[in-house]
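> got a sequence here, can you build the structure:
(chains A and B)
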2 protein chains.
Amino acid sequence: MLLLIAEDFIKIDSIPIVLPLYEELVNKTRKEPGCISYELTHDIKNPGHFLFLERWIDEAALQIHTETEHFKHLVPLIDEHTSKKAKYTRMTLVH
Amino acid sequence: MLLLIAEDFIKIDSIPIVLPLYEELVNKTRKEPGCISYELTHDIKNPGHFLFLERWIDEAALQIHTETEHFKHLVPLIDEHTSKKAKYTRMTLVH
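Residues are numbered from 1 along each chain as shown, chains lettered A, B, ... in the order given. Alright, predicted model coming up:
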């Protein structure tokens, strides 16, 4: 299993615009065979700092995700509203 | 529900020392009534960068955690092996 934290930094004024895009991304991603779980969270202290908590069967499943129709359609639309580059942390489960 | 990512930055040489301390912390924490889930993960690209993925009933449950015997005993022992301060991100679940 591969765990991933994907962090987006969204301009505060754009939050209402990206939320429906995020919802569509979450709903479609969860249907992918290689997706174990996929959750969107929001930093309480830093509005606009969104963190995806993701679990994939393996790296290949994550790569397939980045090639899907919904990813290729939605992520560029979301990225129009970012204040800085996304940050990705890949992890293994220890306990 | 309160989600928390707690990030530790452990000196690489100290990893074998802190792993059993982490294991004890995880096992005892999971027994706390306010703990929904508590997982330890390790950054694949940055050895020593450990991330706890935590879910608590609420902030009060998290505060109770920091007052437990096991937290007060183990965390100072672990902190002896850090290269920089821990980082905490509190989140709410969006989707």
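> who are the packing partners of the host helix or strand of A:Leu19?
Element membership for A:Leu19, per DSSP states H and E: helix A:15-29. Helix A:15-29 is packed against strand A:35-43, helix A:69-79, with contacts defined by 3 or more Cβ pairs under 8 Å, 6 or more residues apart in numbering or on different chains; DSSP states H and E. Quick note: C-beta positions are derived from backbone N, CA and C, even for glycine.
> mean neighbour count, mean pLDDT and distance to chain B added to these, as a markdown table?
Output for the helices and strands packed on helix A:15-29, formatted as a markdown table (neighbours: other Cβ atoms under 10 Å in any protein chain shown; pLDDT from 0 to 100; distance: least, Cβ to the nearest Cβ, whole Å):
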| stretch | mean neighbour count | mean pLDDT | distance to chain B |
| --- | --- | --- | --- |
| strand A:35-43 | 18 | 98 | 4 |
| helix A:69-79 | 14 | 98 | 13 |
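> quick one: low-confidence parts of chain A?
Low-confidence segments of chain A (pLDDT under 70): none present.
> and A:Arg30, how many neighbours?
A:Arg30: 13 surrounding residues under other Cβ atoms under 10 Å in any protein chain shown.
> revised request: answer the last question for A:Thr89.
19.
> okay, the longest strand seen in chain A in PDB with CA atoms only?
What stands out as the longest strand in chain A, according to DSSP state E, is strand A:82-93. Listed next in PDB are the C-alpha coordinates belonging to strand A:82-93 (Å, rounded to 0.1, in the frame of the first residue of the first chain):
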ATOM      1  CA  THR A  82      -3.400  28.000  -6.500                       C
ATOM      2  CA  SER A  83      -1.100  30.400  -4.700                       C
ATOM      3  CA  LYS A  84       1.900  28.100  -4.900                       C
ATOM      4  CA  LYS A  85       2.900  24.600  -6.100                       C
ATOM      5  CA  ALA A  86       1.300  21.500  -4.700                       C
ATOM      6  CA  LYS A  87       3.400  19.400  -2.300                       C
ATOM      7  CA  TYR A  88       3.500  15.600  -2.300                       C
ATOM      8  CA  THR A  89       4.600  13.300   0.500                       C
ATOM      9  CA  ARG A  90       4.700   9.500  -0.200                       C
ATOM     10  CA  MET A  91       4.700   7.300   2.800                       C
ATOM     11  CA  THR A  92       4.700   3.700   3.900                       C
ATOM     12  CA  LEU A  93       2.700   2.500   6.900                       C
END
